[in-house]
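Chemist: next one to model:
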Amino acid sequence: MSLLLCHLLFPLIFDWISPLVCVISWKELMDFVTPVMDVATRLWSCTSRHASYVINLEENMCPLRIEMEELRNVGEDVKRRVEDAENRLMRRRNEINGWLNRLESLEREVNEILEEGDQEIQKRCLRNCCSNNCRSSYNIGRRIKEKIPAVSELKNEGHFDVVADRLPSAPVDEKPLEKTIGLDFMFAEIWKLLEDEKSNAEKVQEVILKKLEVPRCEWKYASKDEKSQEIFNILKTKKFVLLLDDLWERLDPSEVGVPRPNGEDNMFKVIFTTRSKDVCHAMEAHMHVKVECLAPDEALSLFRMKVGEDTFNSHPEIPTLIEEIVKECKGLPLALITIGRAMADKKTLRRWDRALQVLKTYPSTSSTFSSMEDQVFAILAFSYDSLSNGSIKSCFLYCSMFPSDYEILEDELVELWIWVGFFTESHDIQRARDEGYDIIESLKVVCLLDSAESEKHVKMHDMIRDMALWLTTKPGENKKKVAVKERARMVKSRDFVEWKEAHMISLWDIGTVSLLDIGHEMPSFPNLETLFLRRSSMDEIPTRFLENAFVNLEYLNMSFTSIKVWNIVGGLKKLRCLILNFTHIKEISISHLSSLQLFSMHGGRLLIACNEQKALLEELENLEYINEISIILDSVISVKKLLSSYKLQSCIRKLHLQYCSKLISLELLPSCVQAMVHLETLQISSCDDLNDVKINVEDKGKRGFISSYNMFLPKFCKLHEVHIISCSKLLNLTWLIYAPCLQTLAVSACESMEELINRNDGVVKENSGLFSRLTTLQLENLPKIKSICNWVLPFPSLKMIYVHSCENLRKIPFDFNSGKNSLKKIQAEQNWWEGLQWDNEAIKQRFNSFFMPSEYMDLQQVLGYGY
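Modeler: A predicted model of the protein is given here:
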């Protein structure tokens, strides 16, 4: 460009001044030329900037193309994040829509300019330097220069922290349902009633305050009347339909804060279902709609659907037998579903013929609902009678001891079965547990138990539970009788008198147990083997009652009670299992329980003094038959006692070290590790001085960690759950390489921890199988942690990862195959996820689909029932 300007300007200047050269001096010449050159320089600067639009048109187009391509990439990233969020039912932010609209508009303008530029370059002459239309080239070049900063600015704005927000809760929840049979007319009739009276269902859910999205902090500690008033103040201004399912007694709407339907202004309606006409009258229902049984063809369709076509067609005579069985079910959907599922895998004619004969032995029924027992329980009991042996039947009946709608922890249920003696043939405790879990699965198959919402929990349908309780009361049956009472303010002595023949008594959510009117004659319970007394506000044990009345008691569970002193010194000679979890006991002595095999006192905060803790351990150690212990320890002296006793170590199943303020280092010898053959759960919490946990091994005379990981190392063979919480000085958890069966690991609030596994100790190799069975990993509030381990792990069993407030953890030990076929979810903060470092983009993309943004996770909510 400079050469071109010289060619244009200097000849003109020279021609202008050349006649003067001969008549003026050199000084005069310079005085004359200097202003002229200054003008020429300014003219050249201005002309060169504008001329560059024309001359450097092609060069100016390159940075615009590059900037535009980078902007497109940012746009694709934003669109992908928005799509992922919308797939999780989130709503994109308005600023994202605005930015994407601006991107689309700018991209259209840039493409138009670049296309015009390309066309202009094709028209050039003089070796592609000069344009045939300088004005057109100038305009295009100027527009290119102006668009480059605009593209760059929009690109910089495209790095959003958050692209979408969670949607508010829907007024009505949509849930998947199986195909309905025989209910179409009834649904149409109910819906017609709603439409005729112009009601709108706006809020439907049992927990009304939650559905109305009233902040929990506003009503968590409110009284019943205050909550009622809050609900009323909200609902009185709304039109709504309230649906109540399975009422067994009158529910006063005003008591919960629901405005009373008046049938005049049609503002609100209450619809409820019940199995009792008395409830309809008590609720003062304006209209009754009877739910009829299924017609024969509808019943057959439902039963056939549950049995399956494969079984239905497995023998030419089976369809005929199925028709007879359907007749015996009397059109009751629950009976059809339950029996259909129980027979789904029966494909021989003999099994179906036998099933029909068994059903016909139950009491005959009329066409009306004269008795719940005959119409429902007798038919549902078919599934119970189809169980393969008496042990499974007894296990099922024991499930009825838990309250209605209660989610039963599978471990707790299996533990109950074991210690009431259902698995006497299994001498190995782990084998007995495996048998218990198999029974749970068997009961699920025949729909006598269902999976609960919480992991590792089961539940019983209300009617199935009622049927089980009915079975225990049938005369002439060799079954153990059960007495159950729940949600009562008080249980008095006369209640116990009515239960004197019971083998099992279950009291849940009982205010107090009053025995003031028992008199001098103590009632006896010669048959009683199992007693649940849970979630009671009683703070004192009825000592004389327990010592003298329950001489044959074998299982006693008093968890979640307020008792402070266990002062029973006599009686209970046959007690094999004592469970005192989540209690407030300050004093306890168990030396007189000579038959005790299981002792459990974990959960909550230990209130027993240090010396008494040690004394309790000594009493446990001296019990002849003790073989399973779950306990909390909060003193160094108690920990030392445990680590010095082979018997205690061999019995320990759940161990919680809590508030051991002077416990600096926890060192275990191989003999100690090998002795803890039953240890399944370990929790260490609030041990502020603890900085090290390690397994010491003798290696060629040198005490410390050995340099290789092999089959001869001591191992916690059954340890599958570890919780480390609020241990501020703990540096790492390298000792976990000795826990090959670990399934759940939760680490929280350990401020000094920088890594989980420290490879520098020379204790583990990459092919050690570390975390090979781990299913759940939670890391929370670990401000210094930088590494889980510094090599890639396959994590073949990993299902869920939860990370929160671990800002220095920039890399996780994943490669493309980590968690293959097992990983379900990675939950963490959005900023943390976006800042992770990956070996390559393919690995990042592989795990993007598992990520779920979260601001906070509740440890108990994530991991379920624990300490």
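Chemist: for L669, grab phi and psi.
Modeler: When read as degrees, to the nearest 10, the backbone of L669 gives phi -80, psi 160.
Chemist: that one: what's it in contact with?
Modeler: Applying C-beta atoms under 8 Å, 6 or more residues apart in numbering to L669 gives the contacts 695-696. In short, each C-beta sits where N, CA and C put it, glycine included.
Chemist: quick check: it vs E83, distance?
Modeler: Applying C-beta to C-beta, to the nearest Å, the value for L669 to E83 is 56 Å.
Chemist: likewise F423?
Modeler: In terms of C-beta to C-beta, F423 sits 53 Å off from E83.
Chemist: and these two? which has more neighbours close in?
Modeler: F423 (22 against 12; other C-beta atoms under 10 Å).
Chemist: which residues touch the more buried one?
Modeler: Shown in contact with F423 (C-beta under 8 Å, 6+ apart): 391, 417, 432, 435-436.
Chemist: what do you get if the cut-off is 7 Å, keeping everything else the same?
Modeler: Contacts here follow C-beta atoms under 7 Å, 6 or more residues apart in numbering; on that basis F423 touches 417, 432, 435.
Chemist: so the second one sits right up against I418, yeah?
Modeler: This points to A432. Yes - contact status for A432 versus I418: in contact at 5.1 Å, counting by C-beta atoms under 7 Å.
Chemist: higher neighbour count, those two?
Modeler: Higher neighbour count among A432 and I418: I418, with 23 against 19, using other C-beta under 10 Å.
Chemist: confidence score at the more buried one?
Modeler: Per-residue pLDDT puts I418 at 87.
Chemist: would you mind listing where the stretch 351-500 of the chain has pLDDT under the threshold?
Modeler: 358-376, 379, 424-427, 463, 475-479, 493 (pLDDT under 70).
Chemist: among the contacts of F423, which are in helices?
Modeler: Mapping the contacts of F423 onto helices (DSSP state H) picks out 417, 432, 435.
Chemist: as JSON lines, these with distance to K500 would be great.
Modeler: As requested, the ones in helices among the contacts of F423 are exported to JSON lines (distance: C-beta to C-beta, whole Å):
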{"residue": "W417", "distance to K500": "25"}
{"residue": "A432", "distance to K500": "31"}
{"residue": "E435", "distance to K500": "33"}
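Chemist: of these, which is the nearest to V551?
Modeler: W417 (22.9 Å; C-beta to C-beta).
Chemist: from S391, how far off is that closest one?
Modeler: To S391, W417 is 9 Å away according to C-beta to C-beta.
Chemist: compare those two and say which is more crowded by neighbours.
Modeler: Shown here are W417 and S391; by other C-beta under 10 Å, W417 has more neighbours (22 against 17).
Chemist: so what's that one up against?
Modeler: W417 makes contacts with 395, 398, 423, 436, as judged by C-beta under 7 Å, 6+ apart.
Chemist: now do the contacts for the residue lying closest to Y659 once chain neighbours are set aside.
Modeler: Once flanking residues are discounted, Y659 sits nearest to D634: 4.5 Å by C-beta to C-beta, 6 or more residues apart in numbering. Applying C-beta under 7 Å, 6+ apart to D634 gives the contacts 606, 658-660.
Chemist: so, low pLDDT: which residues of the stretch 201-350 of the chain?
Modeler: In the stretch 201-350 of the chain (pLDDT under 70), the answer is 201-208, 210-216, 218-221, 246, 248, 261-267, 275-278, 330.
Chemist: coming back round to it: now that we have the contacts of W417, which one has the most neighbours?
Modeler: Busiest of the contacts of W417 [other C-beta under 10 Å] is C395, holding 25 neighbours.
Chemist: for that residue, give me its contacts.
Modeler: By C-beta under 7 Å, 6+ apart, the residues touching C395 are 417, 422, 439.
Chemist: against L598, how distant is the second one?
Modeler: In this case it means F422. Look at F422 and L598: by C-beta to C-beta, they are 14 Å apart.
Chemist: what does the last one give?
Modeler: Counting by C-beta to C-beta, the gap from I439 to L598 is 19 Å.
Chemist: and I629, helix, strand or coil?
Modeler: Per DSSP: H, G, I helix; E, B strand; the rest coil, the secondary structure class of I629 is strand.
Chemist: please tell me I have it right and it contacts K654.
Modeler: No - using C-beta under 7 Å, I629 is not in contact with K654; the gap is 8.2 Å.
Chemist: can you map out the strands along the stretch 701-850 of the chain?
Modeler: Ranges of strands in the stretch 701-850 of the chain, per DSSP state E, counting those that start in this stretch, are 702-704, 721-725, 744-748, 776-780, 800-804, 825-828.
Chemist: show me what the mean pLDDT comes to for the second one.
Modeler: Think strand 721-725. In this model, strand 721-725 has an average pLDDT of 96.
Chemist: buried sites along that strand?
Modeler: Applying a neighbour-count criterion of 16 or more other C-beta atoms under 10 Å, the buried positions in strand 721-725 are 721-725.
Chemist: also the last one?
Modeler: Residues 826-828 are the ones in strand 825-828 that count as buried (16+ other C-beta under 10 Å).
Chemist: would you list the residues you listed in a markdown table and tack on distance to K306 and pLDDT?
Modeler: Below are the buried residues of strand 825-828 laid out as a markdown table (distance: C-beta to C-beta, whole Å; pLDDT from 0 to 100):
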| residue | distance to K306 | pLDDT |
| --- | --- | --- |
| I826 | 38 | 95 |
| Q827 | 37 | 94 |
| A828 | 42 | 94 |
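Chemist: got any ranges where the stretch 501-650 of the chain has weak pLDDT?
Modeler: Residues of the stretch 501-650 of the chain that meet the criterion pLDDT under 70 lie in 513-522, 542, 569.
Chemist: tell me which stretches of it form helices.
Modeler: Secondary structure of the stretch 501-650 of the chain (DSSP state H, counting those that start in this stretch): helices located at 543-549, 610-622, 636-643, 646-651.
Chemist: convert the C-alpha atoms of the first one to PDB, please.
Modeler: Provided in PDB are the C-alpha atoms of helix 543-549 (Å, rounded to 0.1, in the frame of the first residue of the first chain):
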ATOM      1  CA  THR A 543     -39.000 -52.900  85.400                       C
ATOM      2  CA  ARG A 544     -41.200 -55.100  87.600                       C
ATOM      3  CA  PHE A 545     -43.400 -55.800  84.600                       C
ATOM      4  CA  LEU A 546     -40.500 -56.900  82.300                       C
ATOM      5  CA  GLU A 547     -38.800 -58.900  84.900                       C
ATOM      6  CA  ASN A 548     -41.800 -61.000  86.000                       C
ATOM      7  CA  ALA A 549     -44.300 -61.100  83.100                       C
END
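Chemist: contacts for it, please.
Modeler: Helix 543-549 has contacts (C-beta under 7 Å, 6+ apart) with 515, 522-525, 567-568, 570-572.
Chemist: buried subset of those?
Modeler: The buried subset of those - by 16+ other C-beta under 10 Å - is 515, 523, 525, 568, 571-572.
Chemist: what about stretch 624-638, start to end distance?
Modeler: Taking C-alpha to C-alpha, to the nearest Å, the first and last residues of stretch 624-638 lie 21 Å apart.
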